[in-house]
Every structure is written in structure tokens, then in C-alpha cells.
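Q: Any chance you could fold what I've pasted below:
(2 chains)
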Protein chains: 2
Amino acid sequence: MRLSRYFMPILKENPKEAEIVSHRLMLRAGMIRQQSQGIYSWLPLGKRVLDKVNAIIREEQNRAGAIELSMPTLQSAELWQESGRYDAYGKEMLRIKDRQDRPMLYGPTNEEMVTDIFRSSVKSYKDLPLNLYHIQLKFRDEIRPRFGTMRSREFMMKDAYSFDLTREGAEHSYNKMFAAYLRTFERLGLRAIPMRADTGPIGGNLSHEFIILADTGESEVFCHKDFVGFDIPGENTDFDSVEGLKAIFDKWTSLYAATSEMHDEAAFNAVPEGDRLSARGIEVGHIFYFGTKYSEPMGAKVQGPDGKEHFVHMGSYGIGPTRLVPAIIEASHDDNGIIWPASVAPFDVVVINMKVGDQACDDTCELIYAALKKAGKDVLYDDTDDRAGTKFATADLIGVPVQIIAGPRAVANGEVEVKDRKTGARETMTIEAAINRFVA
Amino acid sequence: MRLSRYFMPILKENPKEAEIVSHRLMLRAGMIRQQSQGIYSWLPLGKRVLDKVNAIIREEQNRAGAIELSMPTLQSAELWQESGRYDAYGKEMLRIKDRQDRPMLYGPTNEEMVTDIFRSSVKSYKDLPLNLYHIQLKFRDEIRPRFGTMRSREFMMKDAYSFDLTREGAEHSYNKMFAAYLRTFERLGLRAIPMRADTGPIGGNLSHEFIILADTGESEVFCHKDFVGFDIPGENTDFDSVEGLKAIFDKWTSLYAATSEMHDEAAFNAVPEGDRLSARGIEVGHIFYFGTKYSEPMGAKVQGPDGKEHFVHMGSYGIGPTRLVPAIIEASHDDNGIIWPASVAPFDVVVINMKVGDQACDDTCELIYAALKKAGKDVLYDDTDDRAGTKFATADLIGVPVQIIAGPRAVANGEVEVKDRKTGARETMTIEAAINRFVA
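A: Prediction:
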């Protein structure tokens, strides 16, 4: 992508409304724009990151056997009356009347709808286990949306729903998502710790929040410090292995970890003092097992091997991609801007032409740009006529992992400078060597 | 994907509510499910097709230089009051009040919002031309939604918006989208004919609808029959070439083609009788040039090379992916079901195990399934214990382009049968040959 043709409206000043660093940097880097209170556009740079986050979430959901569909944003009130949540949900639910005066709502979550889909077509235990997910916009009419897309009203959520014949089956489904979440966050460059959590309006009796530690986190969390070094399930994890996944779950729940709502001071004090970690955290995922809470009132049942009908045991599993993006920034930035983990960087590399119009610089940059694109890399080419200082500041701000800098002096020697955004290390090398670093 | 683990709720009976073949087949194949009037879930099979359609749209938008972002679904009423469309839009606009009683709406289109994004950050002609697009849900509260996702209330739209300094620049931007649309529909297996069209509530003075001919089309259209054989712009079309794109536009608008609203009987009668095509059509895309209709009331202007401020010239360009899927089916099906063009097929191939439990059949199918997956193909493996007849009917219904059929007799000879869904041609070949057909 040539920056001269791109749409990346960088802000020079710090926006006053941004209270936390991720919000500030997302605005400054031209990633998002507020359209109404708590409602954002994702501008091209932000959209790229969001797409990469979603791609990783999707890969790990699929690996764990979940199946993607897409449910609509608007739901009928009737469905929520069946479960009893229509009245219970309160003002965070955006209620709507259509032109025929039928009560609708903008879905804040999809337990009811997915249960309705399930009951209309699944009749036998032979079709279980089943896990259906979608990545869809949701709306929660927060009284005080804040921190940019960290807590917005219209937001994106990956929500998965599992259906099993028995509680034991449901626990295995829960463990699949538990392991998938560990893998997902790791691939996003985050160390998330599963903590026993309150079940809130979703309900149920088993629930974990996945929390990353960050000073700007909204909740206070308490855990054993060893979580920071625990192994993440590998790519070849057998999601069909009941014992294998149980072992992962047991390991990751063997030490103390709880959010403030579930905090047990006495249990925490039993952890050796040097091992206690008390910090602020950002919730990046939340999983629930809630048995037959929805299947009973909504009549979602299957015939079991015994020939009788059984209400299915369900769980739901949420990750908020539009919240993950700022969470990643909270965990990875410096004074100059964002430092993207390679897996979600909007571009793999930025090529900086320090003297546009200089034939040698232009030719060198075009050569590198073409070679890296051909190698399948996402490349941003800064071909604007901005000053070199502005270009460096922009490249640092938007956090692309590697910068290839072509200035007249180096280019005259057939060389360019390669800068690592994270460490700041710069290395001068031949043009060929710079290209080979990516193509090899 | 193993069918035994997939969620593809096939209907055995023809659903009564479906008036047109695409709606009937999408319901029968378990692609969609109605959740409320005119509001659908895309079940896994449908979601796969929708994703492939979107991927092609996206590739062609990017090729033409459009830049993707993502605007939210909910918009503030204020924005629409600025353009004057809030009152003009009528009951198709879903109006909402949030908990603070602020008037909002579910966006039926995004001219206002994108103009707002533009005016907040683009100040100079040097940043033009610019074309921003997104693929996002929209809502139009149709009084009579019908034909499944062909005319639904919540639907997906790719809408692009171009910004130029001058009318001439805007015409080039229009021609870019014109050529991109021709390419897009061709890749989707459709022959779409651009027809002069009414501009409706979007407004403006230049507009084309892209229409595919189909008996179940909602509008009556009139055109010269030679359109059916016109060349489509190639992959290497130079979208920067003003003359090149103008030539494509001129060629494709050189003969008579109009929807009924714009129909000119006299002009049509001037076409030699044998060349006249009068048929029913489905609108699959609509492009508009509307000059300064939004930029003036909303104050979207840039400084020109003359140092003065100029209102930008705009156009908008829409394609409805959720409508394209049924349109493709209308154009490509037979009595047994859907016949997907390879480019949008939910799976490239279905492997049918005619005797699950038979060791040789199982081994053969697993071998083929693994080999094709490894080759990067999307493979559906029918490993269910349904009868062979049911499996054949399902494979035909869901329209996967190629079926590889493994029955005990053929497998004993080291062979399988390969069936082309479209022609019905069957060919017996060695297992290796069947694999090589895809891997080669």
C-alpha cells in the first residue's frame, strides 16, 4: 500500500478525550473515529488489525471444532421473553420497535437465538457435541461508555455456544474453548490468565474470565505469579482427548486466580507472599457453563441413547475483538507509539523513502516494495513528500514491526537501514539482504 | 470438514413460504434460517458462500484502489438532519432511541457518515482521489420483505464512496467502479448488464444498475442482446488510465440497456428487432455519481491547487452480498439443487463414502480427504451413516462442483467415481488420478 494513496489520518496532537494510552494511540494513529458516543468507525489501519485479530480467533475456534455461522444483529423480543431475560436485562438492552410496532432489540448476546436455531433442527444426541459460533456486532447501551473501543456501545464479539447431552460432555466442550482461548491470546501476543469469575446476566455455575494484567485495567485481580510462565497448549493439541484437555484445564486452574468479585482473601493469603500477584487486569474473554438454563425454558432437547428426551447442556464463550485491539496496545507500546506483535500488525513492514523524487531512493524503494509484496508481505510504502522526521514519527506511532529506511547516502552505497520497532535496533545492510530477510 | 461433525440442517420437504427457487434451495440446503420477518441467520453452509462472495468483492475493490474501513451500523439522527434525508427517508429507516433518549437509526446506507469522516480529516486536493468502502450490515424496514435474503430487512452491503476535486475526476472514479463491478460479477459466475437507472433516494445525475437476467427478477429490463457476449476487463486493467477506463465505460454503454423506470420505447424500437432483449432482471449492483449533493450541505471541501476551497464531487457504489447469493442460485441450478460456480462454492469437492464402516471405503475416503485438504482444498467428507441415495441427493442439493464417490465395488479395484455436478458426467478413475485432478 502506498501511503500517498492510503487513508490514515494521523493526529499530531494528543486527543483530550482519551484517558488511557490505547485510546490515545488508536486515535492518533488514525485507527478509529468516534461517530456517536461509544460508537466507532474502524478506519483502514484499525480495520487491518481487527481483521488479523479475527483471523486468529477464527483459526483457533475452527481448530477446536467450533463451526462458524452468522446470526443477525436484530432479534425479536419474543425470543427473550421465552428465556425470561427480556425484562431482566435492563437498560443496557437497546429496545426497538419496527414499522409494524413489533418489539425488537439489538442483540447484546445470542444465547436465545442460537438455542432457537438448535431446537429447530437438532433432534438426536447423535448430532452432538455441537459448537456454533459467530463474529458479529453487538450493542450494549452502557450508561458510561469509555476508553474508546475498550468499552464501547456497538462492539464486535466472537460468541460460541456449545450443546451437549450430558454435563460431562459439556465440561469437555468447556475445556476445548478453555484451551482454544489460551492459544488465541498467546498468538495475539498476550498472556491471559483464566480466573474464576462471576457469571452475571448470562448465568450458570462455572465460569472463567481471561484477564491480561495492565495498569489501566478496570478490575482488580489476584493470582499466583507462576501463571506468567505456564505452557500454552500446542498447535497439535488433540481437542477430542477428554483427558488431555482436562489436564490442561487442571493445570491452569491449579493455582489461585480470581477477580475481585470472586476474591477469597483467606485463600489468597495461603499463597506464599512472594508468589502473590495483585494487579489490575483487563478482561479479554469470558466463558460460561450454564447447564440447562436456556434449554429448559426454550425446550431445546434431544433424544438420548436411552430413547428419552433430554434438555441439552450448554455453555457460551465470548471474546471481544474490538476490545482486544486496545488491550494489545495497553500491553505493548512505548512513548513513541504502538508496538504491534507481528501476528496482528497492520503491515509487516514499512518502507520509508527519505527523499522522494531522488531517483536512486525512488528506484530502491520501488524495488523493495515490489519484492516484498511479491513475497506475500503486507507492505506500507511511505512515498509521501513529508519530512524524514515526520515519516519516522509516523512509522513509530503506527507500530509496524520493521522499518526499511532508504536515504540518499546509504542508497548510494547500495544499502538501506533496517530498524526493529520494538528494540529500536538499526542495522545497515545491502538492499538484497534487506529483501532476503523477508523473502527467505 | 466431516459432515458428521458439521451443522447443515437439510430440509427434506419444500418449505411452503418460499416463492422463488433460490429461497427454496437456500432453506432446503440449510444455508439460511429466518429469525424474524426479513431477518436471517446465515447457517454454516451459507456463511461459507457469503464469505467467498465477499472475498471476491473485496479483491476487486482493492484492485480498483478502494480502501476498506468499517463504519458502525447505528448512526446518529443529527448526521442525517444535516443532509436533509432524516425526514425524507420515510418508514424504511429504522429509527431508534437510546437510553438517553437520543434519536439514532440503523443505517440503510452511509453517505452521511462517510462524508463526516472525510470532512474531519481531508483538507487538500493532494489527498484525492479517495475511495472508501466497507462491507457492513444495513437495515431497511421494507413493508413486504420477501424472497428470502433477496429482499430482506437486515442485509449486507458493500458500499464504496468516492471523493474527487472535479467532475472529471469523479467520472474516472465512477469508471473504476464500473469496471470493478464488471469483473466482480464475472468472477461470481454472473453476466451482469449495466443499465441506465433511476437514482432514487441516493440522488444524483448519473447512475447504472447492474442487472442479471432471470425469470424471477423483480424488474422488467430492456437491452441489446450483444451485451451477453461483451468482453470483461482483464486482471491487468490499469485503473489509473483515464482513457482506458473511459473506453470500457463507452463500450459497455454503447448499446441500449435500461430498466423499466428509464425505458425509452422509441430508442428501444430503434434496435433491430432480432437484437432486442426484453426480460426480467435482478439488480445486483447500483452505482451513482451525485456531485456535491452531500458535500455542500455537510461542508465537505478541500483546498484546490488554486488555493481556494472546493466542495468535493462524490459517488457511491453498492453491491449486496446477501442478495448476490440467491441471485447466483437463480442463475445456476437444476431440478436437483444448486450448481455453484467454483469461485463461490462452499466446498470445492465432496467425498462421498457409500459404505461407512467398510474398511476399504473408510481408508480410501480418509486418504482422499487428507490429500485434498493438504492441497489447500475445501473438502466436505460425507462420513455419515445415511443411505447412499440420501447422500447423493444431499450432494446434488448443496451444489458442490465435484463429487468423489467411493463405493465398495470400485474401491476393491482401487478406483472411485468422480462426478461433475453441473454436467452430471461420471468418470471412474484410480484413487490417485482423482486426487491428482485437484492437487496437480
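Q: Partner strands of the helix or strand harbouring residue A:279, with direction?
A: If you go by DSSP states H and E, residue A:279 is part of strand A:276-291. Strand A:276-291 has the following sheet partners, assigned by DSSP bridges: strand A:206-213 (antiparallel), strand A:219-224 (antiparallel), strand A:313-319 (antiparallel).
Q: Out of those strands, which is the most enclosed?
A: Of those, the one with the most neighbours on average (mean count of other Cβ atoms under 10 Å in any protein chain shown) is strand A:313-319, at a mean of 26. C-betas here are computed from N, CA, C, even on glycine.
Q: can you give me how far that one is from the chain middle?
A: Averaging C-alpha positions (Cα atoms, centre = their mean, to the nearest Å) puts strand A:313-319 16 Å from its chain's average.
Q: Please apply the same query to stretch A:374-385.
A: Centre-to-centre, stretch A:374-385 and its host chain are 26 Å apart (Cα atoms, centre = their mean).
Q: Buried ones in it, by neighbour count?
A: A:378-384 (16 or more other Cβ atoms under 10 Å in any protein chain shown).
Q: Average pLDDT for stretch A:342-351, rounded please.
A: Across stretch A:342-351, pLDDT averages out at 98.
Q: again with stretch A:408-415
A: What stretch A:408-415 shows for mean pLDDT is 96.
Q: Next, the buried residues of that stretch.
A: The neighbour-count check on stretch A:408-415 (16+ other Cβ under 10 Å) flags A:410-411, A:415 as buried.
Q: which among the buried residues of stretch A:374-385 gets closest to chain B?
A: residue A:384 (9.3 Å; Cβ to the nearest Cβ).
Q: what sits against the closest one?
A: A:3-4, A:356, A:391 (Cβ atoms under 8 Å, 6 or more residues apart in numbering or on different chains).
Q: Repeat the analysis, applying 7 Å as the threshold.
A: Contact partners of residue A:384, counting by Cβ atoms under 7 Å, 6 or more residues apart in numbering or on different chains, are A:3-4.
Q: Can you pull out the residues in contact with the helix or strand hosting residue A:249?
A: In this assignment (DSSP H and E), residue A:249 forms part of helix A:242-252. With contact meaning Cβ under 7 Å, 6+ apart, helix A:242-252 is reached by A:172, A:175-176, A:178-179, A:182, A:194, A:230, A:233, A:238-239.
Q: avg pLDDT for that helix?
A: For helix A:242-252, the mean per-residue pLDDT is 97.
Q: CA-only coordinates of it, as PDB, when you get a sec.
A: What follows is helix A:242-252, C-alpha atoms only, in PDB (Å, rounded to 0.1, in the frame of the first residue of the first chain):
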ATOM      1  CA  VAL A 242     -11.100 -35.700  27.100                       C
ATOM      2  CA  GLU A 243      -8.200 -36.500  29.400                       C
ATOM      3  CA  GLY A 244      -5.700 -34.300  27.500                       C
ATOM      4  CA  LEU A 245      -7.900 -31.200  27.700                       C
ATOM      5  CA  LYS A 246      -8.800 -32.000  31.300                       C
ATOM      6  CA  ALA A 247      -5.100 -32.000  32.200                       C
ATOM      7  CA  ILE A 248      -4.700 -28.500  30.600                       C
ATOM      8  CA  PHE A 249      -7.700 -27.200  32.500                       C
ATOM      9  CA  ASP A 250      -6.500 -28.700  35.700                       C
ATOM     10  CA  LYS A 251      -3.000 -27.300  35.300                       C
ATOM     11  CA  TRP A 252      -4.300 -23.800  34.500                       C
END
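Q: chain center to that helix, what's the gap?
A: On Cα atoms, centre = their mean, the centre of helix A:242-252 falls 23 Å from the chain's centre.
Q: Name the residues of that helix that come out as buried.
A: Using 16+ other Cβ under 10 Å as the test for burial, helix A:242-252 gives A:245, A:248-249, A:252.
Q: got it, and stretch A:120-139?
A: Of the residues in stretch A:120-139, those buried (16+ other Cβ under 10 Å) are A:122, A:125, A:127-139.
Q: Kindly report the same for stretch A:191-210.
A: So, applying 16+ other Cβ under 10 Å, buried residues of stretch A:191-210: A:191-197, A:199, A:202-204, A:206-210.
Q: related to what we said a few turns ago, widest-spaced pair of the buried residues of stretch A:120-139?
A: Pairwise distances across the buried residues of stretch A:120-139 (Cβ to Cβ) peak at 35.3 Å, for the pair A:125 and A:139.
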